[in-house]
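attaching a predicted model along with its sequence, questions to come.
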Amino acid sequence: MKKDSILQFLIVCAIILSGLLAGETFDRLVIGVAAWRHVPIESWALYSRNADLSTGAFVYPVEAIGTSLILIWVFIIILRNKPIYHSMVLPVAIATFLSMAGLLFTFFAAPWMLRLKTSGDEAEALQNIFDHFYFWSTCRGVVQILCFPACVWCLTRSHIKGLD
């Protein structure tokens with residue numbers, strides 16, 4: 001497999017993972033949060049314990065960490081071959097930065113979600129967890145959503161360069 005093909009394959013993988021994460025994040029931030037504000041906070045806690053702290057504890061990290069690792073790999077390839085791939089440096093750098101920023105904000109959001117494991121069902125404590133978690137999740141969500149078009153931009157730059 002040529003280096004160009006490997007690079008494009010990696011970028012497509014990053015697009016798929018970041019696209020899944022962006023879609024899930026958009027749904028949660030735009031639709032989910034609005035809905036959760038109209039139901040008892042205990043319902044949100046029950047849902048989150050059975051979604052985010054169950055299957056979501058495996059799916060979301062694979063998408064977020066996977067995207068970051070792939071983009072770091074792509075960025076290293078680009079930098080090692082900068083004369084050939086110079087037109088891709090900016091989009092790959094931006095996509096990598098956005099992906100890494102999403103992971104950084106996760107370090108602020110995740111502890112709040114993890115508190116649901118031991119918080120009990122007292123409404124005031126649950127509301128505090130909800131408010132803090134969604135504040136950090138909004139920060140994280142913005143960069144995760146923006147990472148997807150940045151990844152697509154990376155692929156378009158590879159086609160412009162004539163790497164296909």
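That came through fine.

pLDDT below threshold where in this structure?
Applying pLDDT under 70 to the chain flags residues 1, 159-164.

mind listing the helices for it?
Per DSSP state H, the chain carries helices over the ranges 3-26, 33-36, 41-50, 56-80, 82-85, 89-114, 123-160.

run the angle between the first one and helix 56-80 for me.
What separates the directions of helix 3-26 and helix 56-80 is an angle of 140 degrees, with axes from the mean of the first three to the mean of the last three C-alpha atoms, to 10 degrees.

which parts of helix 3-26 are buried?
4, 7-8, 10-22, 24-25 (16 or more other C-beta atoms under 10 Å). The way it works is simple: take the backbone N, C-alpha and C, and place the C-beta from them, glycine included.

what does stretch 135-142 contact?
With C-beta atoms under 8 Å, 6 or more residues apart in numbering as the test, stretch 135-142 has contacts from 25-26, 28-29, 102, 105-106, 108-109, 112.

mind running it again at 10 Å?
With contact meaning C-beta atoms under 10 Å, 6 or more residues apart in numbering, stretch 135-142 is reached by 21-22, 24-26, 28-30, 32-33, 52, 64, 98, 101-113, 134, 144.

now do the buried residues in it.
So stretch 135-142, judged by 16+ other C-beta under 10 Å, has buried residues 136-137, 139-142.

try stretch 113-129
Burial within stretch 113-129, assessed by neighbour count using 16+ other C-beta under 10 Å, is assigned to 113, 116, 126, 129.

and the furthest pair within those residues?
Met113 and Leu126 (11.8 Å; C-beta to C-beta).

what sits in contact with each of these two?
Residues touching both Met113 and Leu126 by C-beta under 10 Å, 6+ apart: Ser48.

which one among the buried residues of stretch 113-129 gets closest to Lys82?
Closest approach between the buried residues of stretch 113-129 and Lys82, by C-beta to C-beta: Met113, at 39.8 Å.
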